[in-house]
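Trainee: With the input below, show me the fold.
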Amino acid sequence: MSDTKAHHLSVGELGESLACKFLENKCYLILDRNWRTWWGEIDIIAKRKDKVLFVEVKTSAKDFLTDFDKTDYRPEEKIDERKIKRLYRTIEMYCSKHEVESFDVMAIVVLLGEKDKKARIKMMGF
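Mentor: Just a heads-up that it's a prediction; the model follows:
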């Protein structure tokens, strides 16, 4: 595995771990991570009360000189129509296997500041 690919994977894993902590702080119970079928993967599956939350995590490690909400870099834009279709197909499979009746789908964007070692996290629907 190349150093670039290994760095990308470790950044993604860190982002998913931070997203899980973020959700736990909001009273979600993490049910599963990286749930896979042959056509797709769900990064995080969480639950609060009787509603299941399916989460796609996008992480970037770079330094941001501007305010988090004003930066022109948007990792969430990497969630294209094809990715959304695959995600929903995977969610349908999970729901049928686990008898889920009520759910939400969210994206969590994690921006990691390399210099200040701070994470900025934003949760959004799509």
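Trainee: Alpha carbons only: can I get the strand or helix carrying Glu56 in PDB?
Mentor: Element membership for Glu56 (DSSP states H and E) is strand 51-61. Taking Å, rounded to 0.1, in the frame of the first residue of the first chain, the C-alpha atoms of strand 51-61 are listed here in PDB:
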ATOM      1  CA  LYS A  51     -34.700   6.100  15.500                       C
ATOM      2  CA  VAL A  52     -31.600   4.700  13.600                       C
ATOM      3  CA  LEU A  53     -29.100   7.100  12.100                       C
ATOM      4  CA  PHE A  54     -27.100   6.200   9.000                       C
ATOM      5  CA  VAL A  55     -23.900   8.300   8.700                       C
ATOM      6  CA  GLU A  56     -21.600   9.000   5.800                       C
ATOM      7  CA  VAL A  57     -18.300  10.500   7.100                       C
ATOM      8  CA  LYS A  58     -16.100  12.700   5.000                       C
ATOM      9  CA  THR A  59     -12.700  13.700   6.500                       C
ATOM     10  CA  SER A  60     -10.000  16.000   5.400                       C
ATOM     11  CA  ALA A  61      -6.700  16.800   7.000                       C
END
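Trainee: Can you point out the buried residues in it?
Mentor: 52-61 (16 or more other C-beta atoms under 10 Å). From N, CA and C alone the C-beta is placed, and that goes for glycine too.
Trainee: now swap in stretch 34-42 and tell me
Mentor: In terms of neighbour count (16+ other C-beta under 10 Å), stretch 34-42 has its buried residues at 35, 40, 42.
Trainee: what comes up buried for stretch 95-110?
Mentor: For stretch 95-110, using 16+ other C-beta under 10 Å, the buried residues are 100, 105-110.
Trainee: okay if I get the residues you listed as JSON lines plus pLDDT and distance to Glu81?
Mentor: Shown next, in JSON lines, are the buried residues of stretch 95-110 (pLDDT from 0 to 100; distance: C-beta to C-beta, whole Å):
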{"residue": "Val100", "pLDDT": "93", "distance to Glu81": "24"}
{"residue": "Val105", "pLDDT": "90", "distance to Glu81": "14"}
{"residue": "Met106", "pLDDT": "88", "distance to Glu81": "17"}
{"residue": "Ala107", "pLDDT": "86", "distance to Glu81": "14"}
{"residue": "Ile108", "pLDDT": "86", "distance to Glu81": "20"}
{"residue": "Val109", "pLDDT": "84", "distance to Glu81": "18"}
{"residue": "Val110", "pLDDT": "84", "distance to Glu81": "23"}
